[in-house]
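Make a model of this:
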Amino acid sequence: MIRRILFILAFILPLAASAQVYNQWPTQQSSFSYEIAPATPAAVQAKSSAGVITSVQCFNILSTPVYVKLFNATSVTLGSTSATLQFMCPGNTAGAGFVISFPLQLYFSTGIEYAVTGGISNTDNTAITANSVIINIGYN
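I've put the predicted structure just below:
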């Protein structure tokens with residue numbers, strides 16, 4: 001039994017010492033779009049051509065949740081353009097929110113636009129209280 005263990009160790013240890021790791025996340029540099037959401041929702045263009053979203057951060061000091069809507073577009077009309085993806089940013093007057101990084105980036109084939117609204121509908125344009133929500137979008 002001991003001979004078998006020594007034999008296995010003699011083969012495994014040299015192999016393990018020279019092994020390469022292929023599943024590590026690469027270092028990634030991103031540009032950022034930062035906004036303090038206005039009372040009247042407005043779409044913000046982060047990138048006017050195809051790109052990827054690497055992170056989304058939202059911080060909310062309202063007592064109710066708000067909704068971060070992402071659009072795969074270069075022109076958005078809030079109230080009629082449907083969001084490609086959306087996140088709920090929880091509300092709390094002491095501050096609440098989320099931070100999401102996407103190691104497998106979200107690809108947008110047309111452009112990257114976003115908005116913050118007070119309703120959950122994909123085409124919502126409900127106003128929120130000004131200067132109460134911070135949104136950061138990381139993209140390449």
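
Grab the nearest non-local neighbour of Glu79.
Check again: residue 79 is Gly, not Glu. Counting by CB to CB, 6 or more residues apart in numbering, Asn125 is the residue found nearest to Gly79 once chain neighbours are left out, at 4.1 Å. For every residue, glycine as well, the C-beta is placed using N, CA and C.

what about that neighbour, neighbour count?
Residues lying near Asn125 (other CB atoms under 10 Å) number 19.

try Ser75
12.

so what's it scoring on pLDDT?
Ser75 is assigned 94 on the pLDDT scale.

Any regions of this protein where pLDDT drops low?
1-28 (pLDDT under 70).

Now do the host helix or strand of Ile53: everything it contacts.
Per DSSP states H and E, Ile53 falls inside strand 51-60. Contacts to strand 51-60, defined as CB atoms under 8 Å, 6 or more residues apart in numbering, come from residues 28, 30, 66, 68, 70, 87, 89-92, 95-102, 105-108, 111-112, 116, 132-140.

Format the CA atom coordinates belonging to that strand as CSV.
Extracted in CSV, the C-alpha atoms of strand 51-60 (Å, rounded to 0.1, in the frame of the first residue of the first chain):
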residue,chain,number,x,y,z
GLY,A,51,-20.0,46.7,-26.8
VAL,A,52,-20.2,44.8,-23.6
ILE,A,53,-21.3,45.6,-20.1
THR,A,54,-18.9,44.5,-17.5
SER,A,55,-20.6,45.8,-14.3
VAL,A,56,-23.7,47.6,-13.0
GLN,A,57,-23.9,49.5,-9.7
CYS,A,58,-27.0,51.1,-8.3
PHE,A,59,-27.5,52.9,-5.0
ASN,A,60,-30.9,54.2,-3.9
